[in-house]
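S.K.: For reference, the sequence and a predicted model appear below.
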Amino acid sequence: MLLRQVGINELERLKDLRLRALLDSPGAFGSTYELEVVRSPLCWRPWVDEGCVFVVEGDDRWLGLVAVFLDGEDHSICHLASMWTDPGSRGLGLGRRLLESGIEWARDRGATVVRLGVVEDNATALRLYRGAGFEPTGAREPLHSEPSKTVIYMERSLRRSPNPIC
């Protein structure tokens, strides 16, 4: 399976993948299928122009994605969003590969912290993020698309600890 960046000429395909994610996991995202199905594929252009979307591709089918963006005001902060893997491909480590790609993209651009929001009852995602070094910030809020659910915010420092002087 190939992990790669989405190109500007693939916005229709990116929209289709995002819609698959929203249909599969409607309570995991801040938006809904109904809101996004009517959007033009051009609505995803900022995801590619201003940030980066990584996908895992197998047999010409996209099996997962992660979107990452530098903060508009503070480029030392990277926001990780829209993490998802196809149900038939879960358990293969694709989420971890996508997450690591997003983290490396942030590090390569000088970010010192990566932040994300995750629905509190998404135990699988929480395990993945905690295993990758993310810690809860204490910030919480209702999920925009389903206010009965709570989003918890997590972050991971990208600063490297200085080596002790011997």
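M.R.: Structure's in. What do you need? Numbering: from 1, shown residues only.

S.K.: low-scoring stretches of this structure, by residue?
M.R.: Low-confidence segments of the chain (pLDDT under 70): 160-166.

S.K.: residue ranges of the helices in it, please?
M.R.: In the chain, the helices defined using DSSP state H lie at 11-24, 33-36, 45-49, 94-108, 123-131.

S.K.: Just name the most buried of the ones you listed.
M.R.: Highest mean neighbour count of these: helix 94-108, a mean of 20 (counted as mean count of other Cβ atoms under 10 Å). Yep, even glycine has a C-beta here, placed from its N, CA and C like the rest.

S.K.: follow-up on the earlier one: please tabulate the helices of the chain in a markdown table, including the columns distance to S157.
M.R.: Below are the helices of the chain laid out as a markdown table (distance: least, Cβ to Cβ, whole Å):
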| stretch | distance to S157 |
| --- | --- |
| helix 11-24 | 28 |
| helix 33-36 | 32 |
| helix 45-49 | 25 |
| helix 94-108 | 11 |
| helix 123-131 | 14 |
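
S.K.: Quick check: which of those helices is nearest to V66?
M.R.: helix 94-108 (4.1 Å; Cβ to Cβ).

S.K.: the inter-axis angle of that closest one versus helix 123-131?
M.R.: Taking axes from the mean of the first three to the mean of the last three Cα atoms, to 10 degrees, one finds that helix 94-108 is oriented at 40 degrees with respect to helix 123-131.

S.K.: For helix 94-108, name the packing helices and strands.
M.R.: strand 2-5, strand 51-58, strand 61-70, strand 77-85, strand 113-119, helix 123-131 (3 or more Cβ pairs under 8 Å, 6 or more residues apart in numbering; DSSP states H and E).

S.K.: I am finished for the moment; much appreciated.
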